[in-house]
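Enquirer: sequence below, structure please.
(chains A and B, ligands or ions: 2)
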Amino acid sequence: MEAALLIGLNAAWQIAALALLALGLAIVFGLLRILNMAHGEFVMLGAYAHVLTAQAGLPPWMALPVCIGFVGLAALAVERLVVRHLYDRMFDSLLATWALSILMREAVELVWGRAYRNVPLPVEGVTQLGPVGYPSYRLMVIALIVIVFFALWRWYRRSLTGVRLRAMVSNPALARASGINTARLSAMAFVTGCVSAGLAGLILAPVLAVEPNMGLDALIRSFFALVVGGLGTLEGLGIGVAVVGGLQAGLSAAFSQTAGYLGVLILAILFLWRRPDGLYRRR
Amino acid sequence: MTKMLLRLEDVSGGYGDTLVHRGLSLELAAGQVLGVIGRNGTGKTTLAQLIGGELSLAAGRMVLGGRDISSLPPWERAKAGIAVMPQTGMVFDALTVAENLALLGPVTLGKLGERFPHVVDRLSQQAGSMSGGERKILGFVRTMLSPARLVVLDEPSEGVQAENIAHMQDTIAEARAAGLACILLEQNISMVEALADSVIALDSNGIVYKAQGAQIDRKAMLAAISI
Ligand SMILES: Nc1ncnc2c1ncn2[C@@H]1O[C@H](COP(=O)(O)OP(=O)(O)OP(=O)(O)O)[C@@H](O)[C@H]1O
Ligand SMILES: [Mg+2]
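Expert: Ligands and ions are numbered 1, 2, ... in the order given. Next up is the predicted model:
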């Protein structure tokens, strides 16, 4: 009973962390059809917001606005200078963002060096859930993700901006002819996706190894979740992170961490090979 | 003389280096319908896209209500009062009928709802799952509901049954009486004949036929678009 609860909590944590990581990649791909190869580097920038905040002598909670400002400005610059010219050019945008990812890693290494950074947990301690004690911070992150996903899904379905975004994805030319400024909306979507990646880095920094190359792992795991669930929808993302996160947690519990990674890798390859549209098909 | 709402002055444009139109000029007053006819591939859709701003001008000038709109992006032209119904992709397939209309802001269907009752009956249907004719009708309804001074309709009658074409004609005629300007790009000569205050026929060499009011002649129009 206790063991089952613990496994369940661990799975929920894995899934939540993965959902958080993958959200930004899903937003940018789903709305703009751009596979942002620098996604992981925006996660990394978000994590370094802790370092930046500490260096500026600001209190730790200031890392949140610092992260949004820092990552948001970087994303805005990237959109203006690079991505804006590459909408509708999937391969070019993939190459360009890949080059960008290298640049961002190098820049961060130049400024902050290669060393691993320790980011303390903002909330210490354990919450007792019946017989099992579980880290409070993880429980908070799980709750946050559930709320954010639900709110985002509702907003996308119901709000006027949500309708406009879906209109732009469905028929960009008609969206423009209907008075929708698709250039601004696309820029907004890109920046939102990158800031979401940055916030994932900020929130997960205490449990990740913060260093300039940390983005690669974030990108690959997010990408696997999207491949399994189906690229580009919130529903698909939900299913993908549940399957990939659940599998990884299950295999890790039953065998080892390596078995978990291996299982996810094999699953992703199978999907790319046999079912490139993922589990959730867009109607 | 009436004040012109839209004026195209020596407009050239097309796809990249291939110009479809060279030095095209035309003008249109408020409350007037301009029929544009032409065989397949003579540049009707290209003209619609040039006016809507989806294609940019290679040369020339476009003026709407005294304002130079030549270099405005499509969404600015929409705000300036131009509504385009494209020949294909005239609805948002992934959105419901209700959402397709909601993008226009708060609108009441009114007479359009009586004329095209299936639009009201299918508010929650996904537009992409409608038939070709139904999608044309929804696209037409959207365009006519938008707060525009000028509507550009690219073959609205294509694949639509006679009864509904008649309803479209009534809708356009009423809107014209209320001061709307309309560019009707069509192969359907009867529809053009019924509505147009002036007509131009396009050919690969540009405008090959031009007529106004009582001079508009069915035989001449048919001749202009036959091979
Ligand atoms: N995307 C494009 N790229 C290059 N050339 C194009 C493109 N679209 C159309 N053309 C060319 O431009 C010319 C005019 O095409 P357009 O679609 O404007 O004709 P149309 O009069 O609307 O024809 P239809 O009656 O079939 O709708 C044609 O020769 C066509 O081949
Ligand atoms: Mg055409």
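Enquirer: from B:L95, how far out is the residue of chain B most remote from its centre?
Expert: In chain B, the greatest distance from the average C-alpha position (CA atoms, centre = their mean) is reached by B:S124, at 26.7 Å. Using CB to CB, to the nearest Å, B:S124 is found at 11 Å from B:L95. For glycine as for every other residue, the C-beta is placed from the backbone atoms N, C-alpha and C.
Enquirer: from chain A, which residue is nearest to ligand 2?
Expert: A:A173 (13.8 Å; CB to the ion).
Enquirer: the helix or strand where that residue lies near chain B at all?
Expert: Following DSSP states H and E, one finds A:A173 within helix A:172-177. Yes - applying CB under 8 Å from any CB of the partner chain, one finds helix A:172-177 touching chain B at A:A173, A:L174, A:A175, A:R176, A:A177.
Enquirer: among these, which one lies nearest to ligand 1?
Expert: A:A173 (11.3 Å; CB to the nearest ligand atom).
Enquirer: pretty sure the closest one contacts B:G53?
Expert: No - A:A173 sits out of contact with B:G53 when judged by CB atoms under 8 Å, with a separation of 10.2 Å.
Enquirer: ok so, going back, neighbours of the residue of chain A closest to ligand 2, how many?
Expert: 16 (other CB atoms under 10 Å in any protein chain shown).
Enquirer: same check, this time on A:S159
Expert: For A:S159, using other CB under 10 Å, the count is 11.
Enquirer: likewise for B:M85?
Expert: 25.
Enquirer: shouldn't it be in contact with B:P156?
Expert: Yes - assessed by CB under 8 Å, B:M85 is found in contact with B:P156 at 6.2 Å.
Enquirer: give me the mean pLDDT for stretch A:26-35.
Expert: Stretch A:26-35 shows a mean pLDDT of 92.
Enquirer: try stretch B:47-67
Expert: 96.
Enquirer: buried residues, it. List them.
Expert: For stretch B:47-67, the neighbour count (16 or more other CB atoms under 10 Å in any protein chain shown) marks B:47-55, B:57-58, B:60, B:62-65 as buried.
Enquirer: ok, those residues vs ligand 2, which is closest?
Expert: For the buried residues of stretch B:47-67, with ligand 2 as the reference and CB to the ion as the criterion, the closest is B:A48, at 7.5 Å.
Enquirer: before we move on, back to that, pull the residues that contact the helix holding A:A173.
Expert: A:164, A:167-168, A:182, B:52-54, B:73-75, B:78, B:83-84, B:86, B:89-92 (CB atoms under 8 Å, 6 or more residues apart in numbering or on different chains).
Enquirer: rerun that using 6 Å as the cut-off
Expert: Contacting residues not belonging to helix A:172-177 are listed as A:A167, A:M168, A:T182, B:G52, B:E54, B:P74, B:W75, B:A78, B:V84, B:G89 [CB atoms under 6 Å, 6 or more residues apart in numbering or on different chains].
Enquirer: what sits against A:L226?
Expert: Contacts of A:L226 (CB under 6 Å, 6+ apart): A:A26, A:G240.
Enquirer: next one: it, what pLDDT does it get?
Expert: On the pLDDT scale, A:L226 gets 87.
Enquirer: which parts of the lengthiest helix in chain B are buried?
Expert: Taking DSSP state H as the criterion, chain B has its longest helix at helix B:162-177. Buried positions in helix B:162-177, judged by neighbour count with 16+ other CB under 10 Å: B:N164, B:I165, B:H167, B:M168, B:Q169, B:T171, B:I172, B:A175, B:R176.
Enquirer: could I get these as CSV with distance to A:M44?
Expert: Formatted as CSV, the buried residues of helix B:162-177 follow (distance: CB to CB, whole Å):
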residue, distance to A:M44
B:N164, 57
B:I165, 60
B:H167, 59
B:M168, 57
B:Q169, 61
B:T171, 57
B:I172, 58
B:A175, 56
B:R176, 60
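Enquirer: list the contacts of the residue nearest to B:A30 when sequence neighbours are not counted.
Expert: In space, and not counting its chain neighbours, B:A30 is closest to B:L5: 4.6 Å by CB to CB, 6 or more residues apart in numbering or on different chains. By CB under 6 Å, 6+ apart, the contact list for B:L5 reads B:L28, B:A29, B:A30, B:G65, B:A181.
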